[in-house]
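Trainee: how would this look folded up:
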Amino acid sequence: MGSFAKLSRVVRAVVVEHGETTRDAVVRAFTRTLAYHEEPADLSFDRTLRDDLMEDLPAYDKARRDGVRLLTYTLTAEGVDAVADSKGKHYQIQLRVTGVSCDCPAASRWFRGAVCKHQALVVHELLFGADVDPEARARALYLCGHVFGDVLDIGTRLAEALGLLLRWDLAGKVPGGWRATGLGQVASASGFDLLLVHQVAGRLRTAGKSGYREIALWAVDDFYADLRERDRWRVAVSAWLDEVDVRQIKLPAKYRGDFEQGLERLAQVCLLYERAAQSLGHAHLAAAARDASGALRYGVAPEVVPLMGLGFPQLRRARARYLYDRRIRDVSELANADPAQIADPRRVPLRYVTDWVERARQIHSARAVAAAHRGGAPAGFDDLIDRFRPDPAAERHGQVIVPEKRRRKGSEPAGIYQLRTACRPRRRAGAPVAPRRISATRLCGRGASSHGRAPA
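Mentor: Now for the predicted structure:
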């Protein structure tokens, strides 16, 4: 378990699970992991990070003899950039999660893969220098945990991971141990890189009042490390949020499917912004991040997201905007609409609108049945219907959808099943029917093997 990303995930999980914990409890939990049993070693905390790390960087002694010194350093979204002076020549050093690089001849030509003296000095100064900013030191520690984690003792890695969680407010200090913070719980549940969670929290603490477009572009800046790739995505996302036809957007990826997958990932980053803002007590930023997530996913303004979230067939960006301009804002207004007054022969045919209204009425009636069955729908249920796709996400709100034939006596009402079927695309008349998948059990009998052949 070399990197801090994996090790800190174990630490965060233990702290979040126990609420308050001690170092001994963290050590016991770590010794029960598979990574420890694959790489067993004595867990001792008697060595400092300087002693443990610098013994594996012999080039640092040469850097001191040659008078190499650190000139400047800059924090970037992907790591730390530094400039080192060596006998009047300046060299660029980049510290990243994937490694440390230098543009000197020794690192780029002669000793590729080895740590040169400029890299060793920059690592030492960022971690142990007297005039280094605390944020730069913490970020350098996280990056070095990825790069040099394999040469560090397990006790050193564990101690520094705990210290890093405290510095970044992912864990709090209590007498005799640590406690979980709200931001730490968000980081533990998100699955994102720890540095990304820290950058998101840093933006939110100094953001002030920001709109959904700003947060969507923040997500681009935080997610894409390469500068040129980031610029391409910023231009494409800005056009996407302006509801420009995707055929007129210069895509930052080769295929449209890759572009759509990238938008989905950015929408997930915006949801991370929302949860982090909630944990920090910024309700207005949480609402803006929620709007940014929907806008990125569907390519429309937040007010049109409730219509796009229905997922009805043939209801895409232009037609959702068409409905919104005619004061159809959500599923309730669509269910009460007159298809003949909304339809347009060129833009929105009558058969499309009739189908949408019918589906909206099914959802509306299913919601009423569910509310009557439960004595009142949950608070988040109406928001789920009106804003997002009422499909598998309903299970997160306690609405388990059970098909009609499989529903046991006393389980969910038929209205919940209607809620899902209302959003399913219907097969057109004359369209081919997909072949049914027949299991090996039905084909060869109940005793059939997994290869489709019945045992002798």
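Trainee: skipping adjacent residues, who's closest to L323 in space?
Mentor: Residue nearest to L323 in three dimensions, not counting chain neighbours: L307, with 5.8 Å by Cβ to Cβ, 6 or more residues apart in numbering. Every C-beta, even on glycine, is put in place using the N, C-alpha and C of the backbone.
Trainee: could you pull up the contacting residues of the one you found?
Mentor: 315, 320, 323-324, 328-330, 334 (Cβ atoms under 8 Å, 6 or more residues apart in numbering).
Trainee: quick check, pLDDT for it.
Mentor: Looking at L307, its pLDDT is 91.
Trainee: where does it fall, helix, sheet strand or coil?
Mentor: Assigned with DSSP: H, G, I helix; E, B strand; the rest coil, L307 falls in the helix class.
Trainee: of the contacts of L307, buried ones?
Mentor: Among those, those scoring as buried are 315, 320, 323-324, 328, 330, 334 (criterion: 16 or more other Cβ atoms under 10 Å).
Trainee: for A301, see how far away the residue nearest to L323 is.
Mentor: Here L307 is placed at a distance of 11 Å from A301 (Cβ to Cβ, to the nearest Å).
Trainee: just the buried ones among the contacts of L307 now: which is nearest I249?
Mentor: Ranked by distance to I249 (Cβ to Cβ), the buried ones among the contacts of L307 are led by A320 at 17.9 Å.
Trainee: next SSE after the helix or strand containing the closest one?
Mentor: For A320, the host element (DSSP states H and E) is helix 317-325. Next along the chain after helix 317-325, taking DSSP H and E as the criterion, comes helix 331-335.
Trainee: can you list the helices and strands that the next helix or strand after that following helix packs against?
Mentor: Going down the chain from helix 331-335, the next helix or strand is helix 339-342, by DSSP H and E. For helix 339-342, the packing partners by 3 or more Cβ pairs under 8 Å, 6 or more residues apart in numbering; DSSP states H and E come out as helix 350-374.
Trainee: and the helix it packs on, average pLDDT?
Mentor: 84.
Trainee: and that helix, what's buried?
Mentor: 352-353, 355-357, 359-364, 366-367, 369-370.
Trainee: closest to L162 among the contacts of L307?
Mentor: Distances from L162 to these, taken as Cβ to Cβ, are shortest for D330 (47.7 Å).
Trainee: what is the rounded mean pLDDT of stretch 119-134?
Mentor: 92.
Trainee: please compute how far it lies from its chain's middle.
Mentor: Here the centre of stretch 119-134 is set off from its chain's centre by 31 Å, with Cα atoms, centre = their mean, to the nearest Å.
Trainee: got the contact list for it?
Mentor: 49-50, 53-54, 57-60, 62-64, 68-70, 73, 80, 82, 84, 93, 95, 100-102, 107, 115, 136-137, 140-141, 144, 167.
Trainee: recalculate using a threshold of 6 Å.
Mentor: Applying Cβ atoms under 6 Å, 6 or more residues apart in numbering, the contact partners of stretch 119-134 are 50, 57, 59-60, 63, 68, 70, 82, 84, 93, 100, 102, 140.
Trainee: mind checking which of those are buried?
Mentor: 57, 59-60, 63, 68, 70, 82, 84, 93, 100, 102, 140.
Trainee: export those residues to CSV and tack on secondary structure and pLDDT?
Mentor: Output for the buried ones among the contacts of stretch 119-134, formatted as CSV (DSSP: H, G, I helix; E, B strand; the rest coil; pLDDT from 0 to 100):
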residue, secondary structure, pLDDT
L57, coil, 90
A59, helix, 91
Y60, helix, 92
A63, helix, 93
V68, coil, 94
L70, strand, 94
A82, strand, 95
A84, strand, 95
I93, strand, 93
V100, strand, 90
C102, strand, 92
A140, helix, 91
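Trainee: turn those into JSON lines, columns for distance to W233.
Mentor: Below are these laid out as JSON lines (distance: Cβ to Cβ, whole Å):
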{"residue": "L57", "distance to W233": "36"}
{"residue": "A59", "distance to W233": "37"}
{"residue": "Y60", "distance to W233": "38"}
{"residue": "A63", "distance to W233": "38"}
{"residue": "V68", "distance to W233": "37"}
{"residue": "L70", "distance to W233": "33"}
{"residue": "A82", "distance to W233": "27"}
{"residue": "A84", "distance to W233": "32"}
{"residue": "I93", "distance to W233": "27"}
{"residue": "V100", "distance to W233": "26"}
{"residue": "C102", "distance to W233": "28"}
{"residue": "A140", "distance to W233": "27"}
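Trainee: what degree of burial does the residue nearest to L70 when sequence neighbours are not counted show, as a neighbour count?
Mentor: Leaving aside its sequence neighbours, L70 sits nearest to E125 (Cβ to Cβ, 6+ apart; 4.3 Å). When neighbours are defined as other Cβ atoms under 10 Å, E125 has 23 of them.
Trainee: any idea how far E125 lies from I342?
Mentor: 67 Å.
Trainee: now G184
Mentor: According to Cβ to Cβ, G184 and I342 sit 49 Å apart.
Trainee: do the same with L57
Mentor: In this view, L57 and I342 are 70 Å apart by Cβ to Cβ.
Trainee: hey, where'd the strands end up in the protein?
Mentor: 20-21, 69-75, 79-86, 89-96, 100-102, 171-174, 177-180 (DSSP state E).
Trainee: dump the C-alpha coordinates for the second one into CSV.
Mentor: Taking Å, rounded to 0.1, in the frame of the first residue of the first chain, the C-alpha atoms of strand 69-75 are listed here in CSV:
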residue,chain,number,x,y,z
ARG,A,69,18.9,26.1,-4.4
LEU,A,70,15.2,26.5,-4.8
LEU,A,71,14.2,29.8,-6.4
THR,A,72,10.4,29.8,-6.6
TYR,A,73,7.4,27.4,-6.5
THR,A,74,3.8,27.6,-7.7
LEU,A,75,0.8,25.6,-6.7
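Trainee: just to revisit the earlier point, so of the buried ones among the contacts of L307, which two are at opposite extremes in space?
Mentor: The most widely separated members of the buried ones among the contacts of L307, counting by Cβ to Cβ, are L315 and D330 (13.1 Å).
Trainee: tell me where the stretch 51-200 of the chain has helices.
Mentor: 59-65, 105, 117-128, 134-147, 154-167, 182-190, 194-205 (DSSP state H, counting those that start in this stretch).
Trainee: report the separation between L53 and G99.
Mentor: 15 Å.
Trainee: let me fix that: K209
Mentor: K209 is 39 Å from G99, by Cβ to Cβ.
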